[in-house]
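1. here is my input; please provide its structure:
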Amino acid sequence: MTHDTAQAGLLIAALGAAQREGNPIPGSDPQQWSRIIRVASKRWSTFERRHPAAADTFCARVEDLARGLLDRCAPQRNSGATIDITDCRGLARSLATILQSPPAARAGAGVNPDRGPQ
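-> Now for the predicted structure:
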């Protein structure tokens, strides 16, 4: 799955903000964020195929993305870290806002392709 540079920068910024706010999904290692971005992007782009009968609304996509984050990004059960769906929904909303926006809107969002979000 490919991303334009502006989108990737915004997704990284959203993960950084979530981490600073104490959301456990991004974890303490930014090196793992590319995996979260891949999971979120794939989940977002395949919603219609995976849910052909569901209403394709922003709320439905956010919930689907949150479930995907919980399934794919939650730490192992024995790690001691607790992640619940509420943590996933907050992050999913942030990521979905970026994933739904067209490239032209992202270009005006203050992202320098060489340096990331400003």
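2. nearest spatial neighbour of the most centrally placed residue in the chain, chain-adjacent residues omitted?
-> Note on the chain: the residue nearest the mean C-alpha position is residue 95, at 3.7 Å, using CA atoms, centre = their mean. Ranked by CB to CB, 6 or more residues apart in numbering and with sequence neighbours excluded, the top spatial neighbour of residue 95 is residue 40, at 4.8 Å. All C-beta spots, glycine's among them, are computed from the backbone N, C-alpha and C.
3. got the contact list for the strand or helix carrying that neighbour?
-> Counting by DSSP states H and E, the element that carries residue 40 is helix 33-45. Helix 33-45 is touched from outside by 1, 3, 8, 11-12, 15, 25-26, 61, 64-65, 68-69, 72-73, 92, 95-96, 99-100, with contacts defined as CB atoms under 8 Å, 6 or more residues apart in numbering.
4. ok, of the residues you listed, which come out buried?
-> 3, 8, 11-12, 15, 25-26, 61, 64-65, 68-69, 73, 92, 95-96, 99 (16 or more other CB atoms under 10 Å).
5. out of those residues, which sit inside helices?
-> Under the assignment DSSP state H, the buried ones among the contacts of helix 33-45 contribute 8, 11-12, 15, 61, 64-65, 68-69, 73, 92, 95-96, 99 to helices.
6. can I get the residues you listed in TSV including distance to residue 84 and pLDDT?
-> Listed next are those as TSV, based on distance: CB to CB, whole Å; pLDDT from 0 to 100:
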residue	distance to residue 84	pLDDT
8	27	92
11	22	96
12	24	96
15	18	96
61	20	97
64	17	97
65	15	97
68	15	94
69	11	94
73	13	79
92	13	97
95	17	97
96	18	97
99	22	97
